[in-house]
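Engineer: what's the 3D shape of this:
(one chain, ligands or ions: 1)
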Amino acid sequence: MFFCDVTNYYGRLESVSSRLSMIDLLSEMLSKAEGAEIKPLVYFTQGVLAPSFEGIETGIADKTALAAIALATGFEIKDVESAFRKSGDAGKAAEELKLRARLRGMGRKEHSISTVFDSMKKIASISGQGSKDVKLRTLAGLLSNASPVEARYIIRFALGKLRLGLGDATILEALAKAKGGGRESKPVLERAYNLCSDLGKVADVLYSKGMKGIEAFEAEPFSPIRPELAERANTFEEIMERMGDSCFAESKYDGLRMQVHLDRKRKRVEIFSRNLERLTDMFPDIAKAALDETDAHSAIFEGEAISYDDSAGEFHSFQETIQRKRKHGVESAAEKFPLRLFAFDVMYLDGESYMDKGYAVRREALESMLKKRDVIRTTDRIVAKSAKDLERYFNAAISSGLEGIIAKEPGSKYIAGARKFSWIKMKRSYKAEMSDTVDLVVIGYFLGKGLRAEFGFGGMLAAAYNDKRDVFESITRIGTGFTEEQMSFFRSSLSKSSRKAMPARVESSIVPDVWVEPLHVVEVRADEITRSPMHMCGKEDYNDPDEQGYALRFPRIVSEGYRDKRAEDATTTKEIIEMFRLQKKKSLDDR
Ligand code: ATP
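Structural biologist: Numbers count the residues shown, from 1 in each chain. The predicted structure follows:
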């Protein structure tokens, strides 16, 4: 497939805002890919070189990109810089200068999607002394043979700023339409995606083996599984109603979730975070223990790692645990803050997927694969037969410094990438407040008056994620509670992803002073969830000004900066509606 066909679609995708038109265009483009081309095409369209857990980047900064444009077009660097300053978009600058350069008669050869992708991979792999110069020349080589429009996307991609506004869910739906027999097959594709977190791999299987290959797809070590998440409940009685006669109740540790993948023969271990980021190098102690303390030949298991003082038998705060998440001084931090991994699940063991087995069976397999119980232990748990059992266990967990408990249904399968009632969490609650915080996506900010004008920041507009529609729906305006440091931090970081108009996949009738790309997640606490026509969260029809959406009352920011989460992992509209339901039920019960 010619790269110019791809960029032609990108141009059209940028100019549509309706999700359905996006899916139509995207599936038309994807259906043109042949054989092995589909993988690079999907990754390129996502703006990545490999699934994000591999953490591969081109390593190109603005300065190198501008120098490559100068080299490829024959313009002086000051001309390139001035074109860049005009739009703030190096891709646009490349396009403009290529147009002018073409008038001077520079020739070109057709690129294919695979050659462009391979060159980008090559750029990423260049390292060591003088690598900056080699990267620059390789990029300039690509640009010299590119058309002006191709140059726009080559530069944006190289800088990690392709941003076509396409979420994973939208790409999956387009793949279903292109090769899966129709959009109805999206859930089957989604299941495969949840098992490997790699859209390129899913697309490759779909194109080479068809839907039969997708249906037979299973998890395997070293492709992280999208984690199962917990639902909320108000009362212990409600938990028991959902669980049946009995359930497991486990301590909820406030640490770092880790998914450990191991293959003993290859002596290979990888650790992934809840957001599927590769953490292995930061936690050599856990990686070593995975081989030393288990007898599994191959496995994928999960647990919560927390800083723990063995001699005092005390759990340390989340702040201490998080000190271990660093790139430098790993060894000394490991000594200062020793971690224990409290394992709670196993999804794959000795060549076999355990995801469809019941939780009780998985837990038994986990217990028997752990031979030593030093660094890796299992979570504390009981079998609860009544609400009273749960309450007693919850009170004991809180008094030993834990966050709360999680109830789990003994017969339930592992549900990858979903929040379902087979896990229900109960955390310490705070009076007169929502019993849990929410994680919202920033979609815009206000410039502010008075003192706030000095910082150019007067609050933010935030959204919940509607995973059914793959859009970010406005839910609240957060105007108070920011420290001066936070105001300048949010202003300077958000302005880097500002947009002139409402970004694709955002729905809001409130117009902030500055729109921003939906990328950053903040943790927010509020007094309660209310109904309001002003916000889009939960509305059926975004154009109906009278329909009631959901909003937050007295919202304030809890996180210092941003949460380590992707925008698509923010609190969903469905969760907000569920929290609203619980809140209503609680106020009736309290009367
Ligand atoms: P929170 O901010 O409450 O941790 P979350 O959105 O990160 O919320 P939840 O679905 O609410 O995740 O709660 C599940 C999280 O609790 C898991 O991701 C895991 O990190 C943590 N956890 C602690 N102890 C356990 C346990 N025994 N079983 C499962 N998860 C546990």
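
Engineer: for A90, what are its contacts?
Structural biologist: A90 makes contact with 62, 65-66, 69, 84, 155-156, 159, 161 under the criterion CB atoms under 8 Å, 6 or more residues apart in numbering. (Glycine included, C-beta is placed from N, CA and C.)

Engineer: which bits of the stretch 401-550 of the chain sit near the ligand?
Structural biologist: 406, 425 (CB under 6 Å from any ligand atom).

Engineer: just the stretch 201-350 of the chain next, same as before
Structural biologist: So the stretch 201-350 of the chain meets the ligand at 229-230, 250-253, 257, 274, 304, 344 (CB under 6 Å from any ligand atom).

Engineer: Could you pull out the buried residues of stretch 15-32?
Structural biologist: Applying a neighbour-count criterion of 16 or more other CB atoms under 10 Å, one finds 19, 22-23, 25-27, 29-30, 32 buried in stretch 15-32.

Engineer: sorry, that was for stretch 33-45
Structural biologist: Buried residues in stretch 33-45, counting neighbours by 16+ other CB under 10 Å, are found at 33, 37-45.

Engineer: List the ones among these that fall in helices.
Structural biologist: Among those, the ones falling in helices (DSSP state H) are 38-45.

Engineer: does D389 really touch N395, like I thought?
Structural biologist: No. Contact criterion CB atoms under 8 Å: D389 and N395 do not qualify, at 11.2 Å.

Engineer: of the two, who's got more company?
Structural biologist: Taking neighbours as other CB atoms under 10 Å, D389 and N395 compare with D389 leading, 17 against 11.

Engineer: OK, contacts around that one?
Structural biologist: D389 is in contact with 249, 382, counting by CB under 8 Å, 6+ apart.

Engineer: that's a helix at it, yeah?
Structural biologist: Yes. Judged by DSSP: H, G, I helix; E, B strand; the rest coil, D389 forms part of a helix.

Engineer: low pLDDT regions in the stretch 351-500 of the chain?
Structural biologist: 429-435, 450-452 (pLDDT under 70).

Engineer: Of all the residues in it, which one is nearest the ligand?
Structural biologist: With CB to the nearest ligand atom, the shortest gap between the stretch 351-500 of the chain and the ligand falls at T379, namely 4.1 Å.

Engineer: Near that residue, how many other residues are there?
Structural biologist: 20.

Engineer: Double-check it against D345; I have them as touching.
Structural biologist: No. Contact criterion CB under 8 Å: T379 and D345 do not qualify, at 9.3 Å.

Engineer: Give me the common contacts of those two.
Structural biologist: Counting by CB under 8 Å, 6+ apart, the residues touching both T379 and D345 are G303.

Engineer: domain assignment for the chain?
Structural biologist: Here the domain assignment for the chain is 3-158, 229-431, 438-589, based on automatic domain parsing.

Engineer: Tell me how many other residues crowd the residue lying closest to C247 once chain neighbours are set aside.
Structural biologist: Take C247 and drop its neighbours on the chain: the residue closest to it by CB to CB, 6 or more residues apart in numbering is A407, 4.9 Å away. By other CB under 10 Å, the residues close to A407 number 28.

Engineer: Could you name the helices and strands sitting against the host helix or strand of A407?
Structural biologist: For A407, the host element (DSSP states H and E) is strand 404-408. Using 3 or more CB pairs under 8 Å, 6 or more residues apart in numbering; DSSP states H and E, the elements in contact with strand 404-408 are strand 247-252, helix 387-399, strand 419-427.

Engineer: Return the alpha-carbon coordinates of it using PDB.
Structural biologist: C-alpha atoms of strand 404-408 as PDB (Å, rounded to 0.1, in the frame of the first residue of the first chain):
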ATOM      1  CA  GLY A 404     -10.300  -1.900  52.500                       C
ATOM      2  CA  ILE A 405     -11.300  -5.200  51.100                       C
ATOM      3  CA  ILE A 406     -12.200  -6.800  47.800                       C
ATOM      4  CA  ALA A 407     -14.800  -9.500  47.600                       C
ATOM      5  CA  LYS A 408     -14.400 -12.100  44.800                       C
END
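
Engineer: what sits up against that strand?
Structural biologist: 230, 239, 243, 247-252, 359, 384, 390, 393-394, 397-398, 422-428.

Engineer: Poorly predicted segments of the stretch 1-150 of the chain, please.
Structural biologist: The stretch 1-150 of the chain contains residues with pLDDT under 70 at 102-109.

Engineer: Closest residue of it to the ligand?
Structural biologist: Closest residue of the stretch 1-150 of the chain to the ligand, CB to the nearest ligand atom: F53 (16.4 Å).

Engineer: The closest residue to that residue other than its chain neighbours and F318, how far apart?
Structural biologist: Leaving aside its sequence neighbours, F53 sits nearest to L276 (CB to CB, 6+ apart; 4.6 Å). For L276, the distance to F318 equals 20 Å [CB to CB, to the nearest Å].

Engineer: quick one: which of the two has more around it?
Structural biologist: Counted by other CB under 10 Å, L276 and F318 do not tie: L276 has more neighbours, with 20 against 15.

Engineer: Pop out the phi and psi values for the more buried one.
Structural biologist: In terms of degrees, to the nearest 10, the main-chain angles of L276 are phi 70, psi 30.

Engineer: who does the helix or strand containing D439 pair up with?
Structural biologist: Assigned by DSSP H and E, D439 belongs to strand 438-445. In the sheet, strand 438-445 lines up against strand 460-466 (antiparallel), strand 514-516 (antiparallel), strand 521-525 (antiparallel) (DSSP bridges).

Engineer: buried ones in the shortest one?
Structural biologist: Burial within strand 514-516, assessed by neighbour count using 16+ other CB under 10 Å, is assigned to 514-516.

Engineer: what does the last one give?
Structural biologist: Judged by neighbour count using 16+ other CB under 10 Å, the buried positions of strand 521-525 are 521-525.

Engineer: Give me the contact list for that strand.
Structural biologist: 430, 433-434, 437-442, 460, 462, 476, 478, 552, 555-559, 561-563, 565-567, 569-570.

Engineer: Would you mind giving both backbone torsions of I300?
Structural biologist: phi -130, psi 120.

Engineer: Surely it touches D345?
Structural biologist: No. Counting by CB under 8 Å, I300 stays clear of D345, with 9.2 Å between them.

Engineer: quick one: contacts for L262?
Structural biologist: The contact partners of L262, taken as CB under 8 Å, 6+ apart, are 221, 268-270, 290-291, 294, 296, 298-300.

Engineer: same question, R377
Structural biologist: With contact set as CB under 8 Å, 6+ apart, R377 has these partners: 340-343, 370.

Engineer: now, the most widely separated pair of those residues?
Structural biologist: Spatial extent of the contacts of R377 (CB to CB) is set by the pair R340 and L370 at 12.3 Å.

Engineer: remind me which residues of the stretch 201-350 of the chain are low pLDDT?
Structural biologist: Scanning the stretch 201-350 of the chain for pLDDT under 70 picks out no residues.

Engineer: Spell out, range by range, the helices that occur in it.
Structural biologist: Using DSSP state H, counting those that start in this stretch, the helices of the stretch 201-350 of the chain run over 236-243, 284-292, 318-322, 330-336.
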